[in-house]
Each structure stands twice: as structure tokens, then as C-alpha cells.
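Student: below are the sequence and a predicted model; questions follow.
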Amino acid sequence: MDATGHPNERLLQALTAAVLQLLRPLCKLLLRHNLPFSVLEELAKRVYVQVAMEDFGIPGKKPSLSRASILTGLTRKDTQRLVAATQPLPAPAADGYNRAARVLTAWARDPDFQDLDGAPAALHVHDGERSFANLVRRHSGDMPVRAVLDELLRVGAVQRRDDNLLAMTTRAYVPRASEIDKLDILGSDVAALISTIDHNLQYGDSDPRYQRKVLYLNMPADAVAEFRRRSASDAQALLEKLDRWLAANDIDNSPDRPDAPRVRLGMGIYYIEAPVAPTSTKER
């Protein structure tokens, strides 16, 4: 807002440009899945109203349809319809994803589950101390062994060998069998990134959250293969290091503070690659 209470024009231009950029890949994905604009419009209305009601209320006052209507620019009738028809936004299906990823990471780094060369060992499901069941019990909390195994087999991260031992096929939990799983990750990961950027826009001077990237705009195409290999290897090493710290500090609340606050805590890394337009100039 400027001194007169009106939106700052330069800020609006910057926000509009940013939204257009983030909508482009989203719309490309939606069109590929044959989702018409009317569905996106209805979803946007739904979320606008929910956010207005849940996050932009006046302290000490009950959220009102009138205020939500004013904030969103929707009619009061439309706002009332959306409030009446809308269930709470579903929570991201992240718990099973995180626990399955935790098991894979532990399998790769816990010496009790490695072979003599330091690689993830082939494991019996239940037999012996070095079993998949013990791996799950040690590193996934209270998730049932069968559920974790079925999930890792389903996405192709683990395979059952002819001798009935389990072998890890990839150290990264990336669902490959179902596009639905990948869309769950799209929702949770992009939402987390936008939340971090929004936090930094509001509180970056006093309470910044780490948000950086390295990007060269006119690299030779011959560098892609090596950078893809190097970036994946270095990023995986960093994430495994951070995972070890998080695992060591993921402890229950003490008995004298059973209701102490808990938080979601982590870091995400993503890879960037896109063709350069013919008119682009070399930048850094």
C-alpha cells in the first residue's frame, strides 16, 4: 500500500509478473492432463475464500463472509456458496512419503545395514539382526513393516531378488509407478517453496530462511551431462548429511513438556535445465 492506502503500482506489476511466470508451467501441466480453465477457476476461488477466512481474520473477531468477500473480490453469494460447500483443504500426503524416504536414506548410511564395501546390503525381510524389519523399526517410527515394504516395492526403489532377499535399486524415493504420487509431491514441494519465499518477503530482514540457487543463463549444451551428474551427487551428499542431523535430533517431547511445540523442518533442492532462446545474451 502507498501513503493513500492504494496498492503500490510497482509492487503490483512485480507481483503480476511473478504470478504469470509461476502459472505458465502450472497451466502447461494442467492442459496436458486435460483440466479445463473452469476447474482451475473454481479451485482458485475455493482457496481464496479459505485463506481469507482462516488466515486473514481480525484478531478477537470471528471470520465473516462479508470480510472474506471484500478481501477476495468475490460476491457475498459466491463466498457463502464456497464456504458452505468446501471441506477443509486436504493435508499433503507427505507422512508416508517422508518415512519411506527415511528408510531408504538409513539403509544407505547406517553401517548396521551395509555390506563389507559400505554399500546397502541385501536384507532378509524379518530374519536376523540385519533385517528390513529392524531397519524400518529403527528409522521409520511406528510405520508397519509391511506397509513400508509394499510402498518401496511399488515405486521401484526396492526389489525382491531370486534368493528372496531385498535389494535397494535407488537411494532416492521418487515414485515412478504412479503419476498420482508425483502430483502429491508437486503440491507439497511447490507449496513449501512458495511459503519460504513469502516468509522472506515479509521477514527476510529479521528472520531469513535459506533460499538460494546457482544459475548460468547461457551454458554450452555439452556441460549438461556432467553438471547433472555432479549436482545430483553433491546434492544427495548434502541431504544425507542434513538427514543424519535431523534423525539424531528427532526426539519425543520430554515428560515435563508433553505439549511443547513441534515443527516441520527440512530443506529441498531442485535441478534447473531449459533451452536458451536464440536472442539470449551470456549472463551470470
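Tutor: All right, it came through fine. Numbers count the residues shown, from 1 in each chain.

Student: drop to CA atoms for contacts and neighbour counts, all remaining ones
Tutor: Noted.

Student: elements contacting the least confident helix or strand in the chain by mean pLDDT?
Tutor: Scoring the helices and strands of the chain by mean pLDDT, DSSP states H and E places helix 95-109 at the bottom, with a mean of 76. Using 3 or more CA pairs under 8 Å, 6 or more residues apart in numbering; DSSP states H and E as the contact criterion, the neighbours of helix 95-109 among helices and strands are helix 132-139, helix 145-154.

Student: got those as a markdown table, with distance to Gly204 and mean pLDDT columns?
Tutor: Output for these, formatted as a markdown table (distance: least, CA to CA, whole Å; pLDDT from 0 to 100):
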| stretch | distance to Gly204 | mean pLDDT |
| --- | --- | --- |
| helix 132-139 | 34 | 90 |
| helix 145-154 | 39 | 87 |
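
Student: out of those, which gets nearest to Arg264?
Tutor: helix 132-139 (17.2 Å; CA to CA).

Student: the closest one: how far from the chain's middle?
Tutor: Relative to its chain's centre, helix 132-139 lies at 24 Å (CA atoms, centre = their mean, to the nearest Å).

Student: contacts for it, please.
Tutor: Applying CA atoms under 8 Å, 6 or more residues apart in numbering, the set of residues contacting helix 132-139 from outside is 99, 102-103, 106-107, 113, 123-126, 143-145, 148, 166.

Student: what subset of these is buried?
Tutor: Taking 16 or more other CA atoms under 10 Å as the criterion, what is buried in the contacts of helix 132-139 is Arg99, Arg102, Val103, Ala106, Trp107, Phe113, Leu123, His124, Val125, Val145, Val148, Leu166.

Student: residues contacting the third one?
Tutor: When contacts are counted by CA under 8 Å, 6+ apart, Val103 is found next to Leu135, Val136, His139, Ser140.

Student: got a winner among the residues you listed for most neighbours?
Tutor: Val136 (24 neighbours; other CA atoms under 10 Å).

Student: need phi/psi at the residue nearest in space to the middle of the chain.
Tutor: The structure's the chain has its C-alpha centroid closest to Asp189; by CA atoms, centre = their mean the separation is 2.1 Å. Note on Asp189: its backbone torsions stand at phi -70, psi -40 [degrees, to the nearest 10].

Student: so how far is Tyr210 from it?
Tutor: When distances are taken as CA to CA, to the nearest Å, Asp189 and Tyr210 turn out to be 15 Å apart.

Student: quick revisit: who's in contact with the residue nearest to the centre of the chain?
Tutor: Asp189 is in contact with Gly268, counting by CA under 8 Å, 6+ apart.

Student: relative to Tyr270, how far out is it?
Tutor: 10 Å.

Student: so where is this structure shaky, pLDDT-wise?
Tutor: 1-7, 86-98, 141, 171-178, 181, 279-284 (pLDDT under 70).

Student: how is it carved up into domains?
Tutor: Listed domain ranges for the chain are 95-168, 212-252+263-284 (source: automatic domain parsing).
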